[in-house]
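1. Attaching a predicted model along with its sequence, questions to come.
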Amino acid sequence: MATGMRAELATPNPDFLGFENYNGVLTLHGTIMIFLWIVPAGTGAFANYLIPLMIGAKDMAFPRLNAIAFWMVPPGGILLLSSLITETPGAGWTSYPPLSTSSGQVGQMTWILSVLILGTSSILGALNFLTTLLTMRIKDMTFYDMPLFCWAMLATSALVLISTPVLAGALILLSFDLIAGTAFFNPTGGGDPIVYQHLFWFYSHPAVYIMILPMFGMISDILPVHARKPIFGYTAIAYSSLAISFLGLIVWAHHMFTSGTPGWLRMFFMIATMAIAVPTGIKVFSWVATIWRGKLRLNTPMLFAIGFVALFLIGGLSGVMLASVPFDIHVHDTYFIVAHFHYVLFGGSVTGIYAGIYHWYPKMTGRMFNETWGKVHFFLHFVGFNLCFFPMHVLGLQGMPRRVVQYDPQFATVNMVCTVGSIILAFSTIPFIINAVWSWSKGPKAGANPWRALTLEWQTTSPPAIENFDEEPVLWSGPYEYGIDLELIEDDRSVDELLEEVKAEM
Amino acid sequence: MKIPTAIITMLFGVVITLASLWYGQNNGWMPIAASQEAPLVDGLFNTMMTIATGLFLLVEGAIVIAIFRFRQQPGDNTDGPAIEGNLPLEILWTGIPVVIVVGLSIYSFEVYNTMGGLDPMASGDRQVVQVAANPDAQISGLIPGDSQARPDRVAVGVGASPQTQGQPADVEVDVLGLQFAWIFTYPQSGVVSGELHVPADREVKLNIKAQDVLHAFWVPQFRLKQDAIPGRTVELRFKPQIPGTYPIVCAELCGSYHGAMRSQTIVEAPEDFDAWLQSQIAMTEAGENTVAMVPETLSKTDRLALRTADLGVDDRTLAQLHHTGHHH
Ligand SMILES: [Cu+2]
Ligand SMILES: [Cu+2]
């Protein structure tokens, strides 16, 4: 779908998808990527799988609730996709009224319902994560013994619980406008479309952090393992997640600098938004310091994790620029924005998900993936991504607005480059999928702890037994205490043997 | 011979600083700056580019060096050193971003104020929301409600810069965004046009409205953008400087032909502008206006002309607009 959009944009004229279809496709692309890929994969799948394992629990706090949350995703997804057959919603993933209330009713209502279902699912999930993290850690595990992924999920769940209900409210009001003809956001009846924008962004800015915080956590867990070095500044990284989560709640109107917001409000949101750069900067610097002077195993998960830092940095830097109101007025709703959020959500979140998949693949399947094809995947992904999205920064500054199917011919060459990049990006998933499927049955056996990692999930068998751990797991080291058992490993004793020893002592 | 680490670090620092300073000023990423406001935005952008380039080189450079210098040596299965943090360093990399962010906020505030973003006339949202036309209705639905409820300056946009606050602008233009065209009305003379003509070096004030859904008025060369919101009038005030023809782009998704919703603005010497205005008035009086309108302006992008025709922006609606122009 994304490549289809790029194919359309290879030339300045609407000759592939056409006007109507393009808007439908762009709405679905945004909604699917956010609600059906990054949110379920990051906060759903990984959190469900890893939280209990990392804190030594048998299952989540509310397994039944968990199942409900999980099974709400497929119907939501199918409903959304069904709009491809009936009528596609064409108002963008933001669905600003009055456009969203005056174009096709069926398509728009399908969109609202599916987002409501997916939103409810993530609220239920967040409730569960929070309870699990607070009450089900094995004894002896304090907050400061938790892997950083758990800290990140604390911050993410809090954000979901506060912000998602507001989106649900806004969408319900929007559906009243759409179907019952009320006028909450409809200026013809005295309503105000700007109110919808406030409600929408109150959720949707935090949504960005809901999509990136779990990946921050995963990267903080993956880098130390393959750098064989403790995470640099554990406490700072843990608290910066909470700081981001808090600040993320008070910056929503930076998406509205060119719409109806008073001057003083613009200034407030500018300063709050810029402030997020501080905790985010702490993370980036700490990650670099973690790999600095380590002994890097440059395997596929490590490459993706380092690639994450490299790509996310660019999204972070353009993010600070966007916070500045006078500059944002120029680039708002242009390709500069498209470049920015793809660096955050694709270069960041999706690269992070790949890092996580490769890192925990042995744990999930019990088998190793093929390194060579993993690396091929990484290089295609990295090159294709930058080729596709970096030139968009310049396109936006020069004057190309987003969400257009037709553009000024002077931008044709650069758009062609972007399209080539997106094709490489599309091809990069082929080695990934083949590798993942093939290795699942044919890959070499992984053993419990192929990375010699220290967090609890590596103490159990791969894949984990039914209630996660056959024997009670033992907290015998902090999550990142690499480098202090140097002599022991030179003694030629494996981690498993060490584990036995520790257990015997207890 | 071994060069001390401190010297190497310093050398790196100097190189990165020089490179960032150079690239910050010479990135060439912005189109020409054709309004008085544009160089201010560009100055801000170049400053941010300088800082961003510096941080980019620093972090990406460290990553690349780490990959080559600190990769696992063959046969070495030991761990790295057990470094868990370094408080002074962490304070440093918290403190520096704080300083940068505070500096950028103050600088942005200054620029925004100079541009007129904090002009109380333009930036105070007085919440007088008018009743706009039903999007499904023809343009005619808008006009009656509009002419009675036309508020004084109820707007949230970019107003006059502090030096000119309180003074009326030299030229006022009413801008109406509708699916999928822009219509410009010069209230003083009643001229209606599909292109925006403005005199160079004169203060121009646009009163932006939307007829149906959200649109956004954007001239990249002016570095100015403002959403057109149904039910409100938004002020955008600026001073064009460099004569030329620049695109007007709709930057808010407004429906199927959003990408085709483009027009142009012509910045010309004040004499030329007056001449143009006179010719338009003459045409209006001769009754040719409505007939001449569509081919003259909209046909520039012939795709658009086709579309406006089947979307109801025809001679009749333009005639209506023109008619109301006399009331202002
Ligand atoms: Cu945001
Ligand atoms: Cu438009």
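-> Alright, I've got the coordinates. Keep in mind the model is a prediction, meaning the values are calculated, not measured. Ligands and ions are numbered 1, 2, ... in the order given.

2. Give the rounded mean pLDDT of stretch A:144-154.
-> Mean pLDDT, computed over stretch A:144-154, is 91.

3. Can you mark which positions in it are buried?
-> By 16 or more other C-beta atoms under 10 Å in any protein chain shown, the buried positions in stretch A:144-154 come out as A:Asp145, A:Met146, A:Pro147, A:Leu148, A:Phe149, A:Cys150, A:Trp151, A:Ala152, A:Met153, A:Leu154. (C-beta placed from N, C-alpha, C; glycine too.)

4. C-terminal to the host helix or strand of the last one, which secondary structure element comes first?
-> This means A:Leu154. A:Leu154 is part of helix A:148-175, with elements assigned from DSSP states H and E. Downstream of helix A:148-175, the first helix or strand assigned by DSSP H and E is helix A:193-227.

5. quick one, that next one and helix A:148-175 angle?
-> 160 degrees (axes from the mean of the first three to the mean of the last three C-alpha atoms, to 10 degrees).

6. helix or strand right after helix A:193-227?
-> Note on helix A:193-227: by DSSP H and E, the next helix or strand toward the C-terminus is helix A:234-248.

7. Distance from that following helix to the middle of the chain?
-> Remark: helix A:234-248 is offset 16 Å from the chain centroid, using C-alpha atoms, centre = their mean, to the nearest Å.

8. Also stretch A:40-52?
-> Using C-alpha atoms, centre = their mean, the offset of stretch A:40-52 from its chain centre is 11 Å.

9. residues in contact with it?
-> A:57-60, A:66, A:69-70, A:73, A:118, A:121-122, A:125-126, A:129, A:132-133, A:136, A:149-150, A:153, A:156, A:160, A:210-211, A:214-215, A:218, A:349, A:352-353, A:356, A:360, A:364, A:457, A:468 (C-beta atoms under 8 Å, 6 or more residues apart in numbering or on different chains).

10. what's the pLDDT at B:Asn94?
-> If you look again at residue B:94, you'll see it is Thr, not Asn. So B:Thr94 comes in at 92 (pLDDT).

11. For the residue nearest the centre of chain A, give its distance to A:Ala453.
-> Geometric centre of chain A, nearest residue: A:Met211, 3.2 Å, by C-alpha atoms, centre = their mean. Relative to A:Ala453, A:Met211 is positioned 25 Å away (C-beta to C-beta, to the nearest Å).

12. same check, this time on B:Phe273
-> Relative to A:Ala453, and taking C-beta to C-beta, B:Phe273 is found at 71 Å.

13. wait, what's in contact with A:Gly478?
-> A:Asp145, A:Leu454.

14. re the thing from before, name the residue in B:Phe273 and A:Ala453 with the higher neighbour count.
-> A:Ala453 (22 against 19; other C-beta atoms under 10 Å in any protein chain shown).

15. Grab the nearest non-local neighbour of that one.
-> Leaving aside its sequence neighbours, A:Ala453 sits nearest to A:Val225 (C-beta to C-beta, 6 or more residues apart in numbering or on different chains; 4.4 Å).

16. again, but for B:Phe45
-> Leaving aside its sequence neighbours, B:Phe45 is closest to A:Phe327 (5.6 Å, by C-beta to C-beta, 6+ apart).

17. cool, A:Leu36 as well?
-> Excluding the flanking residues, the one nearest A:Leu36 by C-beta to C-beta, 6+ apart is A:Gly77, at 4.9 Å.

18. Hmm, A:Trp37 and the one you found touching each other?
-> No. At 9.7 Å, A:Gly77 and A:Trp37 do not qualify as touching, with contact defined as C-beta atoms under 8 Å.

19. which of those two has more neighbours?
-> With other C-beta under 10 Å as the criterion, A:Gly77 and A:Trp37 differ in neighbour count, and A:Gly77 comes out ahead with 19 against 16.

20. so what's that one up against?
-> Counted by C-beta under 8 Å, 6+ apart, A:Gly77 has contacts A:Ile32, A:Leu36, A:Ser114, A:Leu118.

21. Mind checking which of those land in helices?
-> Per DSSP state H, helices hold the following members of the contacts of A:Gly77: A:Ser114, A:Leu118.

22. got CSV for the contacts of A:Gly77, with neighbour count, distance to ligand 2 and pLDDT too?
-> Listed next are the contacts of A:Gly77 as CSV, based on neighbours: other C-beta atoms under 10 Å in any protein chain shown; distance: C-beta to the ion, whole Å; pLDDT from 0 to 100:
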residue, neighbour count, distance to ligand 2, pLDDT
A:Ile32, 18, 25, 75
A:Leu36, 19, 29, 73
A:Ser114, 24, 27, 82
A:Leu118, 24, 29, 83
